[in-house]
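1. I'll drop the sequence and a predicted model, then ask my questions.
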Amino acid sequence: MRALIYLVVILLPILGGLAILPLHFKKDLTRNLYAEGIVCLTSVLVWIVLVEDPGWVEVYSFTRGFSIDFHVDDLTRLFAGMVSLMWPLVMLYAFEYMRESRRKNLFFAFFVATYGVTLGVAFASNMTTLYVFFEMLTLVTIPLVVHYEDHDSLYAGRKYAAYTIGGASLAFFAVVMSTVAGQGGNFLPGGSLNADYSQSILQVAFLFGFFGFGVKAAVFPLHEWLPTASVAPTPVTALLHAVAVVNSGVFAITRMTYYVYGTEILAGTPAQTVGLLFSEFTLVYAAVMALKERHFKRRLAYSTVSNLSYMLFGVMLLSEAGLMAGMAHMLFHGIIKITLFMCAGAFMHQTGHEYIYEINGVGRRMPLTCTFYTLGALSLTGIPLFCGFISKWQLFVAGAQLGTPLALTGVAALIVSAFLCAMYSLTVSVRAFFPMQGKDRYSEEGSATEAGLLMLLPIAVFSVVNVVFGVWPGPILNWLRALAAAAM
């Protein structure tokens, strides 16, 4: 019975979404109501499971040690909870954004199905289960990346597949080693590995997992797929490539680090050193690339690459404060970046333009969209009274408290990246509201208008949440501290 509860929550959006493929809807409204109904019902069931906690359940065993198991803990609640609240809102945005698009059945089928696969990642209770759903996530999102079927989309799909399937081959070694060297690769607070096993082999396996799962977390040099995949429809880039897919990579590394290996095995080892070095380099390098980028969504994609490594930096500090800060940034960055991507999509949808220089003056024609974007940009930069400041400050404090050379180098990298972030994000707002004389591209009436309610409402909701967590972060930070303490 308990296994059935998990299966219903995960399979309802997968099967309900794929059922859209053969159906013929005479009106878009019918399909939209069906898709939104599936997503909302799933979100309600998710919260029932998170509150009731059915416990640890084995659904299927392949062979000894390799099985499909599900459970609920605080890390599950964080990831599944944020995804379940975001998905219904982004669905509303997608209905208007995709209104004139072709192949809408295909898009919404896989968009809904991806929700279920992401929940499979969240509820996984061992490395085998996590790996199965992690790779399913690649398969169900490829059709979304290539949706437009033009040259750029097909190239992005091939690149995405090559990177993520290549990452799967690396992560597989970590899955096998963690399963045979411990309690079936189970996720247990403090780790589940046998500490007497060869430490050198375990560290090598960890690095295979770090970079294998790190493909979706866009760790340098395995990050290039993410900016390329920004050609996908904006609902895809907003939710999947700013929250679900990329955060699945961070989530998987966090699970492996704290719930399989444990800090005692990794602290002070070359594995920790490599993880910190690549995280710190990535967060600065990607910020520089974002500043150079002139395409609106690709700039935001490089920003995502940078901020994912903020999270990994916190995780690889291997401290309670680091884990708390990393998970706080996973939550808060998701809120911020989904807002920014949706604002960029609204601009592109309403004007037909894609590049930064084409934004000049649009703030007078799309004041709400540009104001919401500016609030998100201020938060992403780390300005007080917004949630981005809260998580970035916690990362800064965690690195300073640890005090090791690598941790302090990371603190310096955070400061440099924040400065670059202000330059690449806020200059967009300056262009929108204060174009140089003679550069206003929208001076004529009717040259651009605000998007419709279905697009503006989700943007507004996430903008409000951004401010609320910025001025009242106490409850969520206290809960995250408890999460981090329990994981050690």
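-> Great, that's in hand.

2. Let me see the contact set for the closest residue to Arg364 other than its chain neighbours.
-> Leaving aside its sequence neighbours, Arg364 sits nearest to Tyr442 (Cβ to Cβ, 6 or more residues apart in numbering; 6.6 Å). C-beta coordinates here come from the backbone N, C-alpha and C atoms, glycine included. Tyr442 makes contact with Thr351, Asn360, Gly361, Val362, Arg364, Arg365, Ala448, according to Cβ atoms under 8 Å, 6 or more residues apart in numbering.

3. Put together CSV for these, with neighbour count, secondary structure and pLDDT on each row.
-> CSV is the format used below for the contacts of Tyr442 (neighbours: other Cβ atoms under 10 Å; DSSP: H, G, I helix; E, B strand; the rest coil; pLDDT from 0 to 100):
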residue, neighbour count, secondary structure, pLDDT
Thr351, 18, helix, 91
Asn360, 20, coil, 92
Gly361, 20, coil, 90
Val362, 25, helix, 91
Arg364, 15, helix, 90
Arg365, 23, coil, 91
Ala448, 20, coil, 83
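
4. which two in these are spaced the farthest apart?
-> Thr351 and Arg364 (12.7 Å; Cβ to Cβ).

5. quick revisit: put together CSV for the contacts of Tyr442, with distance to Phe220 on each row.
-> Shown next, in CSV, are the contacts of Tyr442 (distance: Cβ to Cβ, whole Å):
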residue, distance to Phe220
Thr351, 33
Asn360, 32
Gly361, 36
Val362, 33
Arg364, 39
Arg365, 38
Ala448, 37
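
6. What is the neighbour count of Lys216?
-> Neighbour count for Lys216, taken as other Cβ atoms under 10 Å: 32.

7. Can you check what pLDDT the model gives Ala3?
-> Looking at Ala3, its pLDDT stands at 76.

8. quick one: Leu188 and Arg255 touch, right?
-> No - at 10.6 Å, Leu188 does not count as touching Arg255 under the criterion of Cβ atoms under 8 Å.

9. Any idea how many residues pack against Ser198?
-> Neighbours around Ser198, by other Cβ under 10 Å: 12.

10. ok, it to Val180 distance?
-> Using Cβ to Cβ, to the nearest Å, one obtains 12 Å as the distance from Ser198 to Val180.

11. Then Ser101?
-> 47 Å.

12. With Ala162 instead?
-> 29 Å.

13. and what of Ile5?
-> Applying Cβ to Cβ to Ile5 and Val180 gives a distance of 30 Å.

14. Looking at the two, which is more packed in?
-> Comparing Ile5 with Val180 by other Cβ under 10 Å, the one with more neighbours is Ile5, at 17 against 14.

15. Next up, the contacts around the more buried one.
-> Going by Cβ under 8 Å, 6+ apart, Ile5 touches Val49, Pro54.

16. Can we start the residue count at 636 from this point?
-> Okay, using 636 as the starting number, the last item reads as Ile640.

17. Identify each buried residue in the helix or strand harbouring it, please.
-> With secondary structure defined by DSSP states H and E, Ile640 is part of helix 637-653. Buried positions in helix 637-653, judged by neighbour count with 16 or more other Cβ atoms under 10 Å: Arg637, Ile640, Tyr641, Val644, Ile645, Leu646, Leu647, Pro648, Ile649, Gly651, Gly652.

18. if we can go back for a sec, between Leu823 and Arg890, which has more neighbouring residues?
-> Between Leu823 and Arg890, Arg890 has the larger neighbour count (other Cβ under 10 Å), namely 25 against 17.

19. Poorly predicted segments of the stretch 986-1123 of the chain, please.
-> Within the stretch 986-1123 of the chain, the segments meeting pLDDT under 70 span 1080-1081.

20. go on, the chain?
-> Across the chain (using pLDDT under 70), the flagged ranges come out as 636, 699, 1080-1081.

21. What segments of it are strands?
-> Ranges of strands within the chain are 692-698, 701-705, based on DSSP state E.

22. can you list the ones you listed in a markdown table and add mean neighbour count and distance to Pro723?
-> Shown next, in a markdown table, are the strands of the chain (neighbours: other Cβ atoms under 10 Å; distance: least, Cβ to Cβ, whole Å):
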| stretch | mean neighbour count | distance to Pro723 |
| --- | --- | --- |
| strand 692-698 | 13 | 26 |
| strand 701-705 | 22 | 22 |
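
23. want to throw those into CSV with distance to Leu918?
-> As requested, the strands of the chain are exported to CSV (distance: least, Cβ to Cβ, whole Å):
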stretch, distance to Leu918
strand 692-698, 38
strand 701-705, 33
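
24. quick one, which of the ones you listed is nearest to Thr764?
-> Among these, if distance is taken as Cβ to Cβ, the winner is strand 701-705, at 5.0 Å.

25. So what angle separates the directions of that closest one and helix 637-653?
-> If you take axes from the mean of the first three to the mean of the last three Cα atoms, to 10 degrees, strand 701-705 sits at 90 degrees to helix 637-653.

26. which other helices and strands contact strand 701-705?
-> With contacts defined as 3 or more Cβ pairs under 8 Å, 6 or more residues apart in numbering; DSSP states H and E, strand 701-705 has these neighbours: strand 692-698, helix 762-780.

27. Check the offset of it from the chain's centre.
-> Going by Cα atoms, centre = their mean, to the nearest Å, the spacing between the C-alpha centre of strand 701-705 and its chain's C-alpha centre is 24 Å.

28. try stretch 706-725
-> 12 Å.

29. Just the CA coordinates for it, please, in PDB.
-> Presented in PDB, the C-alpha positions along stretch 706-725 are these (Å, rounded to 0.1, in the frame of the first residue of the first chain):
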ATOM      1  CA  HIS A 706      11.500   7.500   1.100                       C
ATOM      2  CA  VAL A 707      10.900  11.000   2.500                       C
ATOM      3  CA  ASP A 708      13.400  13.100   4.500                       C
ATOM      4  CA  ASP A 709      14.000  16.900   4.800                       C
ATOM      5  CA  LEU A 710      16.100  17.000   1.600                       C
ATOM      6  CA  THR A 711      13.200  15.300  -0.200                       C
ATOM      7  CA  ARG A 712      10.900  17.900   1.200                       C
ATOM      8  CA  LEU A 713      13.000  20.700   0.000                       C
ATOM      9  CA  PHE A 714      13.400  19.600  -3.600                       C
ATOM     10  CA  ALA A 715      10.000  18.000  -4.100                       C
ATOM     11  CA  GLY A 716       8.300  20.800  -2.300                       C
ATOM     12  CA  MET A 717       9.800  23.600  -4.400                       C
ATOM     13  CA  VAL A 718       9.200  21.700  -7.700                       C
ATOM     14  CA  SER A 719       5.600  20.900  -6.700                       C
ATOM     15  CA  LEU A 720       4.900  24.600  -6.100                       C
ATOM     16  CA  MET A 721       6.600  25.900  -9.200                       C
ATOM     17  CA  TRP A 722       5.300  23.500 -11.800                       C
ATOM     18  CA  PRO A 723       1.600  24.600 -11.800                       C
ATOM     19  CA  LEU A 724       2.500  28.300 -12.100                       C
ATOM     20  CA  VAL A 725       4.900  27.700 -15.000                       C
END
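
30. If you count neighbours, what's buried in it?
-> 706-725.

31. do stretch 1092-1105 as well
-> Pro1093, Ile1094, Ala1095, Val1096, Phe1097, Ser1098, Val1100, Asn1101, Phe1104, Gly1105.
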